[in-house]
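In: Just to be clear, the model below is a prediction. Sequence and coordinates:
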Amino acid sequence: MVAEVLLLLKEAVKPGLLTRELDVIADREIRRRGGVPVFKGYNGYPASVCVSINDQVVHGIPGNRVIRPGDLVSIDLGASVEGFVGDAALSVFCGDPPSERALELVRVTEASLYKGIEAAKVGARLGDIGAAVQTYVEAHGFSVVRDFVGHGVGRQMHEDPQVPNYGTPGRGLLLKPGLALAIEPMVNMGGYEVEVGADGWTVTTRDHSLSAHFEHTIFIDDDGPEILTAIS
Ligand code: MF3
Ligand code: CO
């Protein structure tokens with residue numbers, strides 16, 4: 001459900017769209033499918049989706065901002081279905097990317113998510129996931145955000161453990177069959193430092209460089225990691 005609705009939101013991005021129109025679609029399409037939008041009301045968060053543009057990293061609140069050509073739009077969506085949560089995010093340009101390097105940022109961030117997922121095997125450790133993401137991102141000259149991390153997923157959106165996008169191979173929690181995680185690299189073109197805005201939610205890069213975000217919910221079993229929020 002999360003994958004389906006996220007795809008609808010991605011396809012809806014166009015010049016002139018207000019970010020709150022994405023929230024209307026998200027809320028309607030989740031409920032229409034029998035799900036519950038889990039972001040709404042979470043610690044007082046006022047919407048069903050997060051829309052973060054350009055130097056906004058995550059947790060942008062949809063509102064009257066107009067999406068313009070060349071904007072990098074990060075969309076993060078969560079829903080609960082039959083008591084279990086799915087959480088996923090993607091970044092997409094409105095129209096053409098503003099530069100070759102901006103396009104590379106998005107490609108590297110998405111690829112780093114798959115590096116992290118590949119590392120999430122039974123017998124590996126949490127640090128292997130973070131290290132896989134970080135190594136790939138930094139090899140391309142970008143930086144990974146430290147202050148926000150991925151997380152366990154289950155009946156609640158945020159469960160233990162925390163899943164950093166940086167780390168040391170071989171360190172941290174041993175990954176066992178049955179563990180569900182949201183892996184969500186947030187990658188900046190400049191420095192990794194971020195700050196939270198006056199609305200108490202919107203996270204931006206401190207140097208106002210561009211930022212991208214991709215997330216999947218995965219389930220780890222003996223056959224390896226299964227992506228639960230992939231478009232099938
Ligand atoms: N994917 C984000 C996270 O895991 C979305 C939560 S935002 C909130 O933190 F709106 F729910 F707070
Ligand atoms: Co998440």
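Out: Thanks, I have it. Ligands and ions are numbered 1, 2, ... in the order given.
In: Show me what counts as buried in stretch 97-114.
Out: Buried positions in stretch 97-114, judged by neighbour count with 16 or more other C-beta atoms under 10 Å: Pro97, Ala102, Glu104, Leu105, Val106, Val108, Thr109, Glu110, Ala111, Ser112, Leu113, Tyr114. Just so you know, the C-beta spots here come from the backbone N, C-alpha and C atoms, and that holds for glycine as well.
In: got the residues of this structure near ligand 2?
Out: Asp87, Ala182, Glu184 (C-beta under 5 Å from the ion).
In: Could you export the buried residues of stretch 97-114 to a markdown table, including columns for distance to ligand 1, secondary structure and pLDDT?
Out: Shown next, in a markdown table, are the buried residues of stretch 97-114 (distance: C-beta to the nearest ligand atom, whole Å; DSSP: H, G, I helix; E, B strand; the rest coil; pLDDT from 0 to 100):
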| residue | distance to ligand 1 | secondary structure | pLDDT |
| --- | --- | --- | --- |
| Pro97 | 24 | coil | 98 |
| Ala102 | 22 | helix | 98 |
| Glu104 | 24 | helix | 99 |
| Leu105 | 19 | helix | 99 |
| Val106 | 17 | helix | 98 |
| Val108 | 20 | helix | 99 |
| Thr109 | 14 | helix | 99 |
| Glu110 | 16 | helix | 98 |
| Ala111 | 19 | helix | 98 |
| Ser112 | 16 | helix | 99 |
| Leu113 | 13 | helix | 98 |
| Tyr114 | 18 | helix | 98 |
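In: would a markdown table of the residues of the chain next to ligand 2 with pLDDT be doable?
Out: What follows is these, written out as a markdown table (pLDDT from 0 to 100):
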| residue | pLDDT |
| --- | --- |
| Asp87 | 98 |
| Ala182 | 99 |
| Glu184 | 98 |
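In: Could you list which of the residues you listed also contact ligand 1?
Out: Among the residues of the chain next to ligand 2, the ones lying near ligand 1 by C-beta under 6 Å from any ligand atom are Asp87, Ala182, Glu184.
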